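> all I have is the shape, not the residue letters:
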């Protein structure tokens, strides 16, 4: 709870010290990331309620970035030798600029030695199409937090299929579910980063016929 509160209160030094202590104590880095997600959720809530200005939101993002830099080497050191990897294309779809979840997925995929091409935020369906034809990813990940995102996800999937690209498409976001996945025309969905990572590993292993 201390780390969650420190992030929510934008106490940069306190948050970083807590993370260093927890890592030194051998704590699971994923538990730290989960606390960070909750802390950032509270920062966003404070912004929505106008308790924080835009500068507060940016400060929260900077604290989160620094924590990820501390945690990443620990996650990489836990990587199993010979782990299955692949190429993932990520982006937040058009009309949406939320990227916290996408950035966590990007970091975790990179730690698992996946090659990640991150297109950023507010990415149009045609930009996704061009990137797919250039990068040839094993999986495409479409991120979106707003309901308006679902139409652009649907448009993106339709454009990819229209051009013959049949790789798995995963949609991600805290509000997505099976019904939205079906509406969008995607193959899979995930509401948290770890489920998304496990899904990517399973799909790539299947495509490479790895038991």
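Sure, I can see it. Source: prediction; values computed, not measured.

> now do the helix or strand bottoming out on mean pLDDT in the chain: distance to the chain's middle.
The weakest-scoring helix or strand in the chain, judged by mean pLDDT, DSSP states H and E, is helix 100-111 (a mean of 82). Its chain's average C-alpha position is 4 Å from that of helix 100-111, according to C-alpha atoms, centre = their mean, to the nearest Å.

> partner strands of the next helix or strand after that helix, with direction?
Sequence-wise, the next helix or strand downstream of helix 100-111 (DSSP states H and E) is strand 115-118. Sheet pairing of strand 115-118 (DSSP bridges) gives strand 87-92 (parallel).

> circling back: for the least confident helix or strand of the chain, list every residue counted as buried.
Buried residues in helix 100-111, counted by 16 or more other C-beta atoms under 10 Å: 100-111. Using the backbone N, CA and C atoms, a C-beta is placed for each residue, glycine as well.

> what packs against it?
The contact analysis (3 or more C-beta pairs under 8 Å, 6 or more residues apart in numbering; DSSP states H and E) places helix 100-111 against helix 29-48, helix 54-77, strand 87-92, strand 115-118, strand 139-143, strand 169-172, helix 193-207.

> that one to helix 54-77, inter-axis angle?
20 degrees (axes from the mean of the first three to the mean of the last three C-alpha atoms, to 10 degrees).

> need the helices and strands packed on helix 100-111 in CSV with distance to residue 1, mean neighbour count and mean pLDDT, can you?
Formatted as CSV, these follow (distance: least, C-beta to C-beta, whole Å; neighbours: other C-beta atoms under 10 Å; pLDDT from 0 to 100):
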stretch, distance to residue 1, mean neighbour count, mean pLDDT
helix 29-48, 8, 18, 85
helix 54-77, 16, 16, 85
strand 87-92, 30, 25, 94
strand 115-118, 31, 18, 91
strand 139-143, 28, 27, 96
strand 169-172, 27, 26, 96
helix 193-207, 21, 18, 88
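
> returning to what we had before: show me the two of the buried residues of helix 100-111 that sit farthest apart.
Greatest spacing in the buried residues of helix 100-111, by C-beta to C-beta: 100 and 111 (16.9 Å).

> before we move on, back to that, pick the one among the buried residues of helix 100-111 closest to residue 93.
For the buried residues of helix 100-111, the minimum distance to residue 93 (C-beta to C-beta) is 10.2 Å, reached by residue 102.

> so who does that closest one touch?
Residue 102 sits next to 90-92, 118, 121, 141, 143, 172 when contact means C-beta atoms under 8 Å, 6 or more residues apart in numbering.
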